[in-house]
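Engineer: sequence and predicted structure are below.
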Amino acid sequence: MDTFATLAILATTTVTDAKQRWDLSDIPPEILSLIFSYVDTATLLGAVPHVCRDWRAACADDVYGPKVRLKLHSVKQVLRIRPECLGLWVAATVRRFAWVIDLDLCGVEDSVLEHVGHLTQLTSLNLGSCDNITDTGLEHVAQLTQLTSLNLWSCGNITDTGLEHVAQFTQLTSLNLSWCKKITDTGLKHVAQLTQLTYLNLGKCNITDKGLEQVVNLTQLTSLYLEKCNITDTGLKNIAQLEQLTLLDLANCNITDTGLKHVAQLPKLTSLYLEECNTITDAGLGHVAQLPQLTSLSVWGCVNITDTGLELVAHVKDIDSDLA
């Protein structure tokens, strides 16, 4: 028996005891919500609302509706939605399921985000590798003021203008802009308004030392990724002001031993990534050795580091190096 048939039977099942007779349509919406939390997403979206009027109403309830974590690309596969119908499916979904809180989209365009903008309870939105999304798409979702996590990884058509809309997500604690190569220092003035951020990934963005002058306003940051950004020792002076940092990624950056003097001022740093920073030497690791909380260090591809330098950081629990 398939899931839909099972649910239909449950909806009409009655239970009788010595005192009363009742059926499942009498179950309060808050109890239905608990029951639905154990149902897989595809069934919840494709079958439950069609069982009976009460179950459909419970699914659409903003207060008691089950808080689904919806991964659209997986649901598309399960329900076999044709790509050309994806926008219509999302439109129909958000009308019935306004309580979705975690949405993971793949391969969508701006027109789909126009419908997503109605998911007012959304707290997490993953648009990673959506190459067709532009600044217009971000404008469509700008009213999602409950967002705490936004992933724009490899959204190559998003520019600094789009970050004006992102700046409206004042509750945001996590923002991933890695591989957004049109993002520049200008866009970081908008990111700097997101003062609740604890996680920021700017890896492979077109960011320089000038942009890091804006990042210092994000005093709650604990994780900062700057892989392959155009930053130098000058930029690290600003990074040294982020005293809450526990993770810093400087892989493929043009920094030297002098810059690591500034990094050594981060009292809570536990993880430091310096892969392929080719100008760092053993002297730089001498500065790194001063980090009291450091437990993870990567110096893979740092061609000027020798065994002598690794001895200086031998107390670090996890060291990644290409030295034998």
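Structural biologist: Yep, that arrived.

Engineer: spatially central residue for this protein, please.
Structural biologist: residue 151 (4.1 Å; Cα atoms, centre = their mean).

Engineer: in the stretch 201-324 of the chain, mark out all the helices, start to finish.
Structural biologist: For the stretch 201-324 of the chain, applying DSSP state H, counting those that start in this stretch gives helices covering 209-215, 233-239, 257-263, 282-288, 307-312.

Engineer: take the ones you listed and lay them out in CSV including mean neighbour count, distance to residue 109 and mean pLDDT.
Structural biologist: Quick note: C-beta positions are derived from backbone N, CA and C, even for glycine. CSV is the format used below for those (neighbours: other Cβ atoms under 10 Å; distance: least, Cβ to Cβ, whole Å; pLDDT from 0 to 100):
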stretch, mean neighbour count, distance to residue 109, mean pLDDT
helix 209-215, 21, 29, 96
helix 233-239, 21, 35, 96
helix 257-263, 21, 41, 98
helix 282-288, 21, 45, 98
helix 307-312, 15, 49, 96
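
Engineer: in TSV, list the ones you listed along with distance to residue 318.
Structural biologist: Below are the helices of the stretch 201-324 of the chain laid out as TSV (distance: least, Cβ to Cβ, whole Å):
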stretch	distance to residue 318
helix 209-215	26
helix 233-239	22
helix 257-263	17
helix 282-288	13
helix 307-312	13
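
Engineer: so which of those comes closest to residue 115?
Structural biologist: Of all those, it is helix 209-215 that lies closest to residue 115, at 32.6 Å by Cβ to Cβ.

Engineer: chain center to the closest one, what's the gap?
Structural biologist: How far helix 209-215 lies from its chain's middle: 22 Å, per Cα atoms, centre = their mean, to the nearest Å.

Engineer: which strands or helices does that helix pack on?
Structural biologist: Counting contacts by 3 or more Cβ pairs under 8 Å, 6 or more residues apart in numbering; DSSP states H and E, helix 209-215 packs against helix 185-191, helix 233-239.

Engineer: list the contacts of residue 160.
Structural biologist: Neighbour list for residue 160: 182-184, 186-187, 190 [criterion: Cβ atoms under 8 Å, 6 or more residues apart in numbering].

Engineer: for residue 277, grab the count of nearby residues.
Structural biologist: 24 (other Cβ atoms under 10 Å).

Engineer: can you verify my assumption that it contacts residue 260?
Structural biologist: No. With contact defined as Cβ atoms under 8 Å, residue 277 does not reach residue 260; the gap is 9.1 Å.

Engineer: so residue 149 bridges to which residues?
Structural biologist: Assessed by DSSP bridges, residue 149 has beta-bridge partners residue 124, residue 174.

Engineer: tally of neighbours for it?
Structural biologist: Neighbours of residue 149 (other Cβ under 10 Å): 18.

Engineer: identify the residues contacting the residue nearest to residue 307 when sequence neighbours are not counted.
Structural biologist: Of all residues not flanking residue 307 in the chain, residue 323 sits nearest, at 6.3 Å (Cβ to Cβ, 6 or more residues apart in numbering). Listed by Cβ under 8 Å, 6+ apart, the contact set of residue 323 reads 305-307, 310.

Engineer: which two among these are spaced furthest apart?
Structural biologist: Greatest spacing in the contacts of residue 323, by Cβ to Cβ: 305 and 307 (8.7 Å).

Engineer: which residues of the chain fall in strands?
Structural biologist: Ranges of strands in the chain, per DSSP state E, are 14-16, 21-23, 69-71, 102-104, 124-126, 149-151, 174-176, 199-201, 223-225, 247-249, 271-273, 296-298, 318-320.

Engineer: could those go into CSV alongside mean pLDDT and distance to residue 236?
Structural biologist: Shown next, in CSV, are the strands of the chain (pLDDT from 0 to 100; distance: least, Cβ to Cβ, whole Å):
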stretch, mean pLDDT, distance to residue 236
strand 14-16, 47, 68
strand 21-23, 56, 67
strand 69-71, 58, 38
strand 102-104, 83, 34
strand 124-126, 92, 30
strand 149-151, 97, 26
strand 174-176, 98, 21
strand 199-201, 98, 16
strand 223-225, 98, 11
strand 247-249, 98, 9
strand 271-273, 98, 12
strand 296-298, 98, 16
strand 318-320, 95, 21
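
Engineer: now the ones you listed as CSV including distance to residue 290?
Structural biologist: Putting the strands of the chain into CSV (distance: least, Cβ to Cβ, whole Å) gives the following:
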stretch, distance to residue 290
strand 14-16, 69
strand 21-23, 69
strand 69-71, 42
strand 102-104, 40
strand 124-126, 37
strand 149-151, 33
strand 174-176, 29
strand 199-201, 25
strand 223-225, 19
strand 247-249, 14
strand 271-273, 12
strand 296-298, 13
strand 318-320, 16
